[in-house]
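J.: have a look; sequence and predicted model below, questions after that.
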Amino acid sequence: MRCWEQVRKRLTSLGEGLGEKIIHHDPGSVYASYRWHEEIR
């Protein structure tokens, strides 16, 4: 989940939090995994 970690770091560096964000992603198998859903919770 390196991509998600990079997103979180970048948003933090911009002074943005994740609490009120909407995350759009493609419905590919990577984004349907249990691990992915746990990461974005």
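T.: Good, I have the coordinates. The shown structure was predicted, so the numbers you read here are calculated from the model rather than taken from an experiment. Numbers count the residues shown, from 1 in each chain.
J.: please make it C-alpha for all contacts and neighbour counts, starting now.
T.: Will do.
J.: distance of residue 18 from residue 5?
T.: As judged by Cα to Cα, to the nearest Å, residue 18 and residue 5 stand 12 Å apart.
J.: again with residue 39
T.: The spacing between residue 39 and residue 5, counted by Cα to Cα, is 9 Å.
J.: let me know the outermost residue of the chain.
T.: residue 15 (16.1 Å; Cα atoms, centre = their mean).
J.: against residue 8, how distant is that residue?
T.: From residue 15 across to residue 8, the span is 11 Å (Cα to Cα).
J.: now do residue 20
T.: The gap separating residue 20 from residue 8 is 13 Å, by Cα to Cα.
J.: least confident secondary structure element in the protein?
T.: Here the helix or strand of the chain ranked lowest by mean pLDDT, DSSP states H and E is helix 34-40, holding a mean of 75.
J.: helices or strands up against that one?
T.: Of the remaining helices and strands, none touches helix 34-40 by 3 or more Cα pairs under 8 Å, 6 or more residues apart in numbering; DSSP states H and E.
J.: any idea how far it is from the chain center?
T.: Chain-centre distance of helix 34-40: 9 Å, with Cα atoms, centre = their mean, to the nearest Å.
J.: compare residue 18 and residue 5 and say which is more crowded by neighbours.
T.: Taking neighbours as other Cα atoms under 10 Å, residue 18 and residue 5 compare with residue 18 leading, 13 against 10.
J.: residues contacting that one?
T.: Shown in contact with residue 18 (Cα atoms under 8 Å, 6 or more residues apart in numbering): 8, 11.
J.: and what about it, helix, strand or coil?
T.: coil (DSSP: H, G, I helix; E, B strand; the rest coil).
J.: what does the average pLDDT come to for the top helix by length along the chain?
T.: When the chain is parsed with DSSP state H, its longest helix is helix 2-13. In this model, helix 2-13 has an average pLDDT of 88.
J.: which elements pack onto it?
T.: Secondary elements touching helix 2-13 (3+ Cα pairs under 8 Å, 6+ apart): none.
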